[in-house]
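Enquirer: can you look at this prediction? I've put the sequence above it.
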Amino acid sequence: MRTNETRAGKENTLDESIGKEELVPLTEAKGQVEAAITRIALLHLAFSRMIVEEFGSEKGKELITKSILQYGRWVGERMKRGLPDYPGARYGAYVEREHGRIYDCILARIFREYEELDLGGLYCYVDPAKIMSTDPTIKMIHNDCAACGDEYCTFAVLPTTEKERNDFANASSDWKYIDPRLTRETMTR
């Protein structure tokens, strides 16, 4: 009986805290965002390495790109439902500076740390995929990409062609041409 009373007491305490506003210091929130994004980057690299080891570089990268295309579709679908995308600069995911330049991307930092820009940069196909998923008539591409070895990221939003829309709709493995910066060789800096 005492266990039930204790359990009931805990439940009451939990019930009382539901609905109360909790404030978390921004520095703590930024630390948690960085930890979560670091884990995402490591997961991407772990799966990517294993896929390339198992299927070889060409087939492996094709599978990774197709997977990221699907991931981008899911992200875009969630965005269309009003759910959040990637955490912004305010929460420490990156730093946005002059002229729309994005610096200090946590993903790019981890890809550099593990000297895996070639595989890490494939993650960035999520950007054109999520935007095309929300509106197939436009794409967001990288002019510069930190995960590919550039100092920062910049983006352009452009109209899509009929071929790009068809390749996206059919999940074509050739779809990676959609973002020319991501198809260039990476350079470790």
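Expert: Great, that's in hand.

Enquirer: by mean pLDDT, which helix or strand of the chain comes out lowest?
Expert: Among the helical and strand segments of the chain, the one scoring lowest on mean pLDDT, DSSP states H and E is helix 2-17, with a mean of 49.

Enquirer: could you pull up the residues touching the closest residue to Asp104 other than its chain neighbours?
Expert: The shortest distance from Asp104 to any non-neighbouring residue, by Cβ to Cβ, 6 or more residues apart in numbering, is to Val95 (4.5 Å). In this view, the C-beta of every residue, glycine as well, is placed from N, C-alpha and C. Listed by Cβ atoms under 8 Å, 6 or more residues apart in numbering, the contact set of Val95 reads Ala89, Ile102, Tyr103, Asp104.

Enquirer: one more: Gly31?
Expert: Neighbouring residues of Gly31 by Cβ under 8 Å, 6+ apart: Gly92.

Enquirer: how many other residues sit next to Asp179?
Expert: Counted by other Cβ atoms under 10 Å, the residues lying close to Asp179 total 24.

Enquirer: tell me the spacing between it and Ser57.
Expert: 19 Å (Cβ to Cβ, to the nearest Å).

Enquirer: where exactly do the helices run in the protein?
Expert: 2-17, 26-55, 57-80, 106-113, 117-120, 126-134, 162-169, 180-183 (DSSP state H).

Enquirer: same list (those helices) but as CSV, adding distance to Cys153.
Expert: Output for the helices of the chain, formatted as CSV (distance: least, Cβ to Cβ, whole Å):
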stretch, distance to Cys153
helix 2-17, 40
helix 26-55, 14
helix 57-80, 16
helix 106-113, 8
helix 117-120, 13
helix 126-134, 9
helix 162-169, 21
helix 180-183, 9
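
Enquirer: low-confidence ranges in the chain?
Expert: The model of the chain has pLDDT under 70 over residues 1-19, 173, 185-189.
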